[in-house]
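J.: Okay, predicted coordinates and the sequence, questions at the end:
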Amino acid sequence: MAELKTRPTAQSVAAFLESLPDENRRRDCRALVELMKKATGSEPRMWGPAIVGFGDYHYKYATGREGDWFVAGFSPRKNDLTLYIMSGLDRYEEELSRMGKHKTGKSCLYIKRLSDIDLDVLRDIVKDSLRHLMGKQ
C-alpha cells in the first residue's frame with residue numbers, strides 16, 4: 001500500500017507564512033492560524049512544504065488503508081486559500097449557505113480572502129468537524 005507523501009515537518013509555520021509574497025494573504029493566514037488554533041485547541045504545524053495543520057487523528061478505511069492526518073488545516077494556494085475540513089463538507093450545507101463567497105470540494109473549502117466569509121460560521125464548522133472526527137475514534 002502506498003504511503004502518504006504529505007507528513008508533518010519541522011518547518012516553522014511562522015517562517016512559512018512570512019515567506020508568502022502578498023501581505024494580504026499573510027494577514028489572512030495569520031488570522032486562520034488563530035481561528036483554527038482556538039477551534040481545535042491545537043498548535044499549528046507544517047505538513048509537507050505548504051499545508052498548516054492542526055491536531056491529529058488516526059483514520060482507518062473499510063479497505064484497510066489507515067494513517068495519521070490533521071483534523072483541520074489550510075494552504076495558501078495561488079488562486080485561493082484552501083481550507084481542509086477533514087470530516088467532509090456534506091454535513092454543513094446549512095452553514096455553508098450562510099458562510100459567504102466560497103467553493104467546495106469533498107473536504108476542501110476554497111475562498112479568495114477571509115473578508116469574503118463569515119468567520120463565526122467557519123469557526124463553528126471547524127469545531128463541529130473536530131467533534132465529529134473525535135467521535136469516530
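T.: Everything's here; your move. Here the structure is a predicted model, which means the values were calculated and not measured.
J.: can we go C-alpha only for contacts and neighbour counts from here?
T.: Fine.
J.: residues in contact with the closest residue to Val121 other than its chain neighbours?
T.: Excluding its sequence neighbours, the residue lying closest to Val121 (C-alpha to C-alpha, 6 or more residues apart in numbering) is Met99, at 5.9 Å. By C-alpha atoms under 8 Å, 6 or more residues apart in numbering, the contact list for Met99 reads 117-119, 121-122.
J.: could you dump those residues to TSV with secondary structure?
T.: Below are these laid out as TSV (DSSP: H, G, I helix; E, B strand; the rest coil):
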residue	secondary structure
Ile117	strand
Asp118	coil
Leu119	helix
Val121	helix
Leu122	helix
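J.: now the residues you listed: which count as buried?
T.: 117, 119, 121-122 (16 or more other C-alpha atoms under 10 Å).
J.: just to revisit the earlier point, need the per-residue pLDDT for the residue nearest to Val121.
T.: Met99 is assigned 97 on the pLDDT scale.
J.: Please identify which helix or strand holds the residue positioned nearest the centre of the chain.
T.: Compute the mean C-alpha point of the chain, and by C-alpha atoms, centre = their mean the closest residue is Gly73, 2.1 Å away. Taking DSSP states H and E as the definition, one finds Gly73 inside strand 72-76.
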